[in-house]
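**Student:** Any chance you could fold what I've pasted below:
(one chain, ligands or ions: 1)
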Amino acid sequence: MKLPEIKGFIDISLIDWDGKVSAVIFLPGCNFRCPFCYNSTIVLTPEKLTTIPLERIRQYLTEKRDWLDGVVITGGEPTIHPELSNLCQFIKELHLPVKLDTNGTNPKIVKDLTAQGLVDYVAMDIKAPLTVESYSRASGITIGKLLNEVKGTLKFLLDSFANYEFRTTLVPTIHDEEDLKQISHDLQGCRKYVLQNFKGDVETLDPTLEKIIPFSQMDMERFLQLTKKTLPKVMIR
Ligand code: SF4
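**Tutor:** This is a model prediction of the structure:
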C-alpha cells in the first residue's frame with residue numbers, strides 16, 4: 001500500500017482538534033499560495049524537510065493509542081495526494097479516529113473519504129467571501145474554476161456530513177468587516193465556525209505580511225458578534 005511522504009509529525013497536540021488529544025501528520029505541497037501561510041517550507045520546498053519513516057509513526061501510534069483521541073492530517077493540502085485514502089486507512093487500522101484539514105479544493109476526495117468512514121471530522125478553511133476576486137486575493141492564486149470545487153466541498157459538508165467546522169484566519173490588509181458579513185452569509189446553516197486571528201511576527205509565505213500587526217482582541221470580539229447575528233455557533237480560537 002503506497003502512502004504519501006510525511007514531512008512533519010507532532011506527537012501530542014491539545015490544539016489541533018478541539019477537546020481531543022491528537023497526534024498531527026503534515027503532508028507536503030499545496031495548490032494554494034495564501035500570503036499569510038505559516039508553513040512556507042512545507043508548501044514551497046518540502047524536499048528540504050526530512051521524510052519521517054512510517055514505521056516510526058506506526059510504532060508511536062500503536063504504543064500511545066490508548067492515550068490519543070485521534071490523528072489530524074494536515075499540510076500543506078492533504079487532498080492533493082492520491083494516496084491520502086491509504087494513509088487514512090493506515091490510521092484507522094490502528095483504531096484511531098481521523099480529522100482532515102483541507103482548503104476544500106477537492107470535494108470528491110472529501111466525499112469519498114467520509115463515505116468510506118475513513119475520516120471522522122473535517123476542518124475546512126474559508127479563505128474569504130466566495131467571489132473570484134476575494135478568494136484569489138486570500139489564496140494567492142488565480143482561483144478560476146477551483147472556486148467551484150471549494151463551493152462543492154462547502155455544500156457537501158453543509159448538506160451531508162455532520163462532523164465539520166469551517167474556519168477563517170483573519171488578516172489585516174486582507175479581511176475586513178464587510179468580508180465577515182459576506183462569509184457569514186455564505187455559511188448560513190453551518191454548525192460550527194471558527195475565527196482565527198493572524199499571528200504576528202511569524203514567517204509567512206509573503207514576507208511583507210510578517211510585520212503586519214494582528215487584529216486586536218476588540219476587533220476579534222466585534223467580528224464574533226457580527227458573525228453571530230447570522231450563524232448559531234461561532235468561536236474565536
Ligand atoms: S494556508 Fe494556504 S498555502 Fe498554506 S497550507 Fe493552507 S491552503 Fe496551503
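
**Student:** In this protein, mark out all the strands, start to finish.
**Tutor:** Here the chain has its strands, by DSSP state E, at 8-13, 22-26, 70-74, 98-102, 121-125, 164-170, 193-197, 234-236.

**Student:** What residue in the chain is the furthest from its centre?
**Tutor:** Relative to the centre of the chain, and counting by CA atoms, centre = their mean, the farthest-placed residue is Glu63 at 27.0 Å.

**Student:** For that one, report the pLDDT, please.
**Tutor:** On the pLDDT scale, Glu63 is placed at 96.

**Student:** How about the most centrally placed residue in the chain, nearest residue that isn't a chain neighbour?
**Tutor:** Centroid-nearest residue in the chain, with CA atoms, centre = their mean: Asp101, separated by 3.6 Å. Excluding the flanking residues, the one nearest Asp101 by CB to CB, 6 or more residues apart in numbering is Thr74, at 4.0 Å. Backbone N, C-alpha and C define where each C-beta goes, glycine included.

**Student:** Val150 too?
**Tutor:** Counting by CB to CB, 6+ apart, the residue nearest Val150 is Gly104, at 4.4 Å.

**Student:** quick one: that neighbour from Thr168, how far?
**Tutor:** 12 Å (CB to CB, to the nearest Å).

**Student:** and for these two, which residues touch both?
**Tutor:** Shared contacts of Gly104 and Thr168 (CB atoms under 8 Å, 6 or more residues apart in numbering): Asp125, Ile126.

**Student:** Distance check, the nearest residue to Ile174 once chain neighbours are set aside against the ligand.
**Tutor:** Closest residue to Ile174 apart from its sequence neighbours, by CB to CB, 6+ apart: Ala138 at 5.6 Å. Ala138 is 9 Å from the ligand, where distance means CB to the nearest ligand atom, to the nearest Å.

**Student:** quick one, what contacts Ala138?
**Tutor:** Listed by CB under 8 Å, 6+ apart, the contact partners of Ala138 are Cys34, Pro35, Lys127, Ala128, Val171, Ile174, His175.

**Student:** Just those residues: which are in helices?
**Tutor:** Secondary structure from DSSP state H places none of those in helices.

**Student:** quick one: which of those residues is nearest Ile213?
**Tutor:** Within these, the smallest distance to Ile213 is 10.7 Å, found for Val171 (CB to CB).

**Student:** returning to that earlier point: what residues does the residue nearest to the centre of the chain make contact with?
**Tutor:** Shown in contact with Asp101 (CB under 8 Å, 6+ apart): Val72, Ile73, Thr74, Gly75, Pro78, Ala123, Asp125.

**Student:** Please repeat the previous calculation with a cut-off of 7 Å.
**Tutor:** Asp101 makes contact with Val72, Ile73, Thr74, Pro78, Ala123, according to CB atoms under 7 Å, 6 or more residues apart in numbering.

**Student:** same question, Thr114
**Tutor:** Thr114 makes contact with Phe161, according to CB under 7 Å, 6+ apart.

**Student:** mind running it again at 8 Å?
**Tutor:** For Thr114, the contact set (CB under 8 Å, 6+ apart) comprises Val122, Phe161.

**Student:** buried stuff in the top helix by length along the chain?
**Tutor:** Counting residues, the longest helix found in the chain (DSSP H) is helix 146-160. By neighbour count on 16 or more other CB atoms under 10 Å, the buried set for helix 146-160 is Leu146, Leu147, Glu149, Val150, Gly152, Thr153, Leu154, Phe156, Leu157.

**Student:** That's all I had, so thanks and see you.
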